[in-house]
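# Following is a predicted model, sequence given first.
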Amino acid sequence: MSLAQQRSNAPYLDPNLSPEKRAADIVSRMTLEEKVLQMQSTAPAIPRLGVPAYNWWNEALHGVAQGRATVFPQAIGLAATWDVNLMYRVADIISTEARAKYNDALTRPAPSGPEALMTLPGRTAGLTYWSPNINIFRDPRWGRGQETYGEDPYLTGRMAVAFVTGMQGKDPRYLKVVSTPKHYAVHSGPEPQRHVFDARVSEYDMVNTYLPAFRDTVVEAKAGSIMCVYNSVAGLPGCASSDLLQKRLREQWGFQGYVVSDCGAVNDIYANHKFTSTLGAAAVAAVKAGTDLTCGTEYRTLVEEVTAGRITEREINRSLERLFVARFRLGMFDPPELVPFSKISISENDSQLHREAARDAARKAVVLLKNEGNVLPLSPSIRKIAVIGPSADDPIALLGNYNGISSRQVTPLEGIERQFPAAQVRYALGATYTASTHALVPAAFLMPPDGAGRGLLAEYFDNPDFKGTPKLRRSEPRGYFDAGMEDPAVVASIGNEKYSIRWTGTLTPPATGEYDLAVRTGMWNRTATARLFLDDKELTFGTGSSTQMTSTQPVMGAGRSPRARVRLEGGRKYALRVEYRQPGSGGTMQLGWIPPAAAALAEAETLVKDSDVAIVFVGLNSELEGEEMRGVTIPGFLGGDRTSLDLPEPQENLVKMATAAGKPVVVVLTSGSAVSVNHAAEQADALLAAWYGGEEAGTAIAEILAGASNPAGRLPVTFYKSV
């Protein structure tokens with residue numbers, strides 16, 4: 001009998017058998033070496049068994065987090081809706097788009113080369129999603145609090161159950177995707193200490209604060225997976241804690257799924273917690289405690305550990321069977337006609353119907369904190385509206401972190417312009433988020449070479465060296481590109497790999513002074529490069545460390561060094577050219593600047609004084625708050641966390657200027673956490689919390705300003721005056 005015939009008759013390929021029996025059968029056919037390689041997040045293929053390569057790492061915090069996808073409000077914004085039915089709908093849409101990507105990936109050629117396991121069907125198109133983040137946002141300074149459902153255990157549990165249920169679906173036989181609540185347990189910062197921190201809490205606090213949401217997702221929602229933490233809990237590394245992973249999770253709650261480590265957490269058991277004396281011993285401790293899958297390569301040491309008798313192959317089998325039960329429950333080895341989700345088309349991804357759901361979620365996330373004198377809603381007959389602030393026209397800040405990117409993002413400025421077509425809507429930056437944080441260069445100061453309109457001429461080449469004639473030439477409002485948006489015109493002309501783009505035009509600064517200019521290519525894409533020229537002279541970037549504005553990947557750590565300080569004359573036209581090369585695939589580019597603070601503030605003041613109302617957009621972004629951002633040492637921020645809850649000084653000055661101008665002022669706060677906007681709370685006429693509102697944030701905010709919809713949100717966190 002041939003190998004193919006033997007395989008076709010194998011019990012693990014029989015859809016009529018239980019996933020448990022099928023998993024036991026396929027595991028029994030593997031060598032020890034094959035087994036341990038399947039227990040890492042980048043699992044290689046086993047051709048003789050028909051097991052394809054698979055990357056278990058996928059993210060879906062508020063939308064599928066790789067490439068083009070619908071982007072809903074950040075998790076903290078979804079929590080502010082207090083709407084479990086909406087949360088279920090959001091998660092159902094996310095899992096639909098996840099299946100669409102997976103099904104589409106199966107029609108494409110198999111990946112090859114050294115990065116194959118990080119591509120299809122890996123992080124961009126898998127079915128195992130490491131979401132939601134259901135840690136308790138107890139300390140308002142924690143940078144990852146934006147990923148959570150807030151500080152209340154009950155609200156977190158209700159939203160988490162809705163999310164997990166929506167993700168995994170209701171089919172009695174197959175999972176739509178696997179949802180992985182994280183980080184189990186007691187993981188709420190500080191970010192710079194997360195690899196060494198030992199969380200010690202009372203049993204009362206453990207049971208009533210930190211564990212209820214995890215229990216709910218296991219007992220009620222039947223989560224298929226759980227992620228264990230970097231930190232220790234009561235002296236035991238989270239991924240080596242039998243108390244957490246065996247006693248509570250499996251024995252008390254009846255968990256039947258698999259446990260995956262956070263990335264590098266098994267290594268932390270040895271290297272940072274010093275719980276074991278070798279990496280192999282750390283791997284043994286993790287598996288024995290119940291960590292079935294490592295995000296890393298630490299489990300490669302298990303072959304030697306089995307040989308030495310420090311762990312049995314039976315214990316390896318136990319973990320591996322749990323992993324393959326999940327793959328069988330996802331239908332990965334079954335004929336497509338048996339799997340109800342196999343027919344979901346890629347046309348579902350980033351669809352108009354899903355965009356409308358994102359808009360509804362953004363509307364319901366907004367919280368009205370103040371409305372004195374009935375300033376809101378704004379009169380439909382209002383004539384002049386000043387829109388100022390760093391988040392007013394920043395498409396990147398809408399997205400939060402752990403996000404994909406939609407084909408189009410509506411900024412607040414764009415939303416207001418559409419909502420008030422009869423009004424004169426004028427925009428000024430006014431201030432950057434902090435004194436060292438770049439903003440996209442506004443279209444108002446850019447002009448294409450032909451002098452028609454605002455923006456830059458973009459030329460797209462189907463090679464990385466600007467050879468030949470550009471395949472696409474068009475005017476664009478600013479230097480902002482993301483391959484993940486999958487712009488149809490761009491994809492049709494140059495595809496998604498081995499390309500180059502040139503932006504040209506003139507830059508006319510509003511005032512004389514020192515400017516920091518930047519071109520950014522995203523820290524996760526190592527192959528792309530960008531060069532910036534003024535009057536045909538290439539600018540040399542500095543040597544300091546800076547974070548990256550990214551949109552298709554989570555922001556972690558310091559990025560490249562993008563700053564070039566130049567003195568520019570106000571009103572003078574400078575020939576500007578950006579050359580972007582991508583010899584690999586994907587990629588992003590943003591042209592940013594930090595204008596002179598006094599000039600930016602003065603420009604905004606002029607607009608406010610000549611307006612009927614000022615809408616001031618202030619807050620934070622994912623350059624400032626986020627996950628383990630080692631390069632961030634800006635005043636008020638450290639390593640992803642915050643050292644102060646205050647609004648950064650440049651923005652505080654902007655708010656004070658606006659409220660002193662004698663015009664009605666509406667302050668809109670965009671952030672992933674509480675900000676001490678004390679002056680705005682006292683002096684502004686109206687105050688809204690809009691979070692990171694996703695792709696339709698601008699539309700939702702504008703509708704609320706106009707009274708076309710009512711803010712439905714309720715705060716999921718306490719807004720403190722100070723810390």
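Cool, the structure landed.
# contacts and neighbour counts: CA atoms only from here.
Will do.
# Please, where are all the helices along the stretch 351-500 of the chain?
Applying DSSP state H, counting those that start in this stretch to the stretch 351-500 of the chain gives helices spanning 352-365, 412-419, 488-494.
# Averaged pLDDT, the first one. What do you get?
Averaged across helix 352-365, the pLDDT comes to 98.
# Does that helix pack against any helices or strands, and if so which?
Contact here means 3 or more C-alpha pairs under 8 Å, 6 or more residues apart in numbering; DSSP states H and E; on that basis helix 352-365 packs against helix 75-80, helix 84-106, helix 697-706.
# which other helices and strands contact the first one?
Contact partners of helix 75-80 among helices and strands, from 3+ C-alpha pairs under 8 Å, 6+ apart: helix 153-168, helix 352-365.
# now the angle between helix 84-106 and the shortest one, please.
Using axes from the mean of the first three to the mean of the last three C-alpha atoms, to 10 degrees, the interaxial angle of helix 352-365 with respect to helix 84-106 works out to 150 degrees.
# so how far is helix 352-365 off the chain centroid?
Taking the mean of its C-alpha atoms, helix 352-365 sits 18 Å from the chain's own mean (C-alpha atoms, centre = their mean, to the nearest Å).
# Now do that helix: everything it contacts.
Under the contact criterion C-alpha atoms under 8 Å, 6 or more residues apart in numbering, helix 352-365 has outside partners 70-73, 77-81, 86, 90, 93, 690-691, 693-697, 699-701, 704, 709-714.
# make it 7 Å
In this structure, residues lying in contact with helix 352-365 by C-alpha atoms under 7 Å, 6 or more residues apart in numbering are 70-73, 77-78, 80-81, 93, 690, 693-694, 696-697, 700-701, 711-713.
# And that helix, what's buried?
354, 355, 357, 358, 359, 360, 361, 362, 363, 364, 365 (16 or more other C-alpha atoms under 10 Å).
# Specify the local secondary structure of the residue lying closest to residue 300 once chain neighbours are set aside.
Take residue 300 and drop its neighbours on the chain: the residue closest to it by C-alpha to C-alpha, 6 or more residues apart in numbering is residue 36, 6.0 Å away. When classified by DSSP: H, G, I helix; E, B strand; the rest coil, residue 36 comes out as helix.
# mind listing what the closest residue to residue 620 other than its chain neighbours touches?
Spatial nearest neighbour of residue 620, chain neighbours left out: residue 671 (4.9 Å); criterion: C-alpha to C-alpha, 6+ apart. Shown here is residue 671, whose contacts under the criterion C-alpha under 7 Å, 6+ apart are 619, 620, 621, 691, 692.
# Also residue 717?
For residue 717, the set of contacting residues under the criterion of C-alpha under 7 Å, 6+ apart consists of 150, 151, 674.
# if you set the cut-off to 10 Å instead, what comes out?
Going by C-alpha atoms under 10 Å, 6 or more residues apart in numbering, residue 717 touches 76, 79-80, 137-140, 145, 149-152, 673-674.
# now those residues: which count as buried?
The neighbour-count test (16+ other C-alpha under 10 Å) applied to these identifies 76, 79-80, 137-138, 140, 145, 149-152, 673-674 as buried.
# Tell me how many other residues crowd residue 690.
Taking other C-alpha atoms under 10 Å as the neighbour definition, residue 690 ends up with a count of 30.
# same question, the one 3 residues further on
A total of 37 residues lie near residue 693 under the criterion other C-alpha under 10 Å.
# pretty sure it is touching residue 78, no?
Yes: the pair residue 693 / residue 78 is scored as a contact, 8.9 Å apart, by C-alpha atoms under 10 Å.
# Next, show the common contact partners of the two.
By C-alpha under 10 Å, 6+ apart, residue 693 and residue 78 have these common neighbours: 72, 361, 362, 365, 366.
# How about residue 407: what's its closest non-neighbour residue?
On the basis of C-alpha to C-alpha, 6+ apart, the spatially nearest residue to residue 407 that is not a chain neighbour turns out to be residue 485, at 4.6 Å.
# go on, residue 347?
Closest residue to residue 347 in three dimensions, ignoring its sequence neighbours and counting by C-alpha to C-alpha, 6+ apart: residue 100, at 7.7 Å.
# And the spatially closest residue to residue 704 that is not a sequence neighbour, how close does it get to residue 381?
Excluding its sequence neighbours, the residue lying closest to residue 704 (C-alpha to C-alpha, 6+ apart) is residue 710, at 5.8 Å. In this structure, residue 710 lies at 19 Å from residue 381, with C-alpha to C-alpha, to the nearest Å as the measure.
# next one: residue 533
Distance from residue 533 to residue 381, counting by C-alpha to C-alpha: 45 Å.
# residue contacts, the residue nearest to residue 407?
Residues in contact with residue 485 (C-alpha under 10 Å, 6+ apart) are 67-69, 350, 404-409, 491, 551-552, 586, 588.
# Which members of those residues are classed as buried?
67-69, 350, 404-409, 551-552, 586, 588.
# and which of these is nearest to residue 649?
Ranking the buried ones among the contacts of residue 485 by separation from residue 649, with C-alpha to C-alpha as the measure, puts residue 551 on top at 25.5 Å.
# what residue lies at the spatial centre of the chain?
Centroid check for the chain by C-alpha atoms, centre = their mean gives residue 402 as the closest residue, at 1.5 Å.
# Strands of the stretch 601-723 of the chain, residue ranges please.
613-619, 637-638, 641-642, 665-670, 686-689 (DSSP state E, counting those that start in this stretch).
# Parallel or antiparallel, list what pairs with the third one.
In its sheet, strand 641-642 lies beside strand 637-638 (antiparallel), with partners assigned from DSSP bridges.
# Repeat that for the fourth one.
Looking at strand 665-670 with DSSP bridges, its paired strands and their directions are strand 613-619 (parallel), strand 686-689 (parallel).
# so which of these is the most packed in?
When you average the neighbours per residue for each of these (mean count of other C-alpha atoms under 10 Å), strand 613-619 leads with a mean of 27.
# can I get the CA coordinates of that strand in PDB?
Output in PDB follows, covering the C-alpha atoms of strand 613-619 (Å, rounded to 0.1, in the frame of the first residue of the first chain):
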ATOM      1  CA  VAL A 613     -16.800  77.600  17.500                       C
ATOM      2  CA  ALA A 614     -13.500  75.800  18.100                       C
ATOM      3  CA  ILE A 615     -13.400  72.000  18.100                       C
ATOM      4  CA  VAL A 616     -10.100  71.000  19.800                       C
ATOM      5  CA  PHE A 617      -8.800  67.500  19.300                       C
ATOM      6  CA  VAL A 618      -6.200  66.400  21.900                       C
ATOM      7  CA  GLY A 619      -5.000  63.200  23.500                       C
END
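# still on that earlier bit, which pLDDT value belongs to the residue nearest to residue 300?
At residue 36, the predicted lDDT confidence score is 98.
# Is residue 287 in a helix, a strand, or coil?
Residue 287 falls in the helix class when you classify it by three-state DSSP.
# Kind regards, and thank you for your time.
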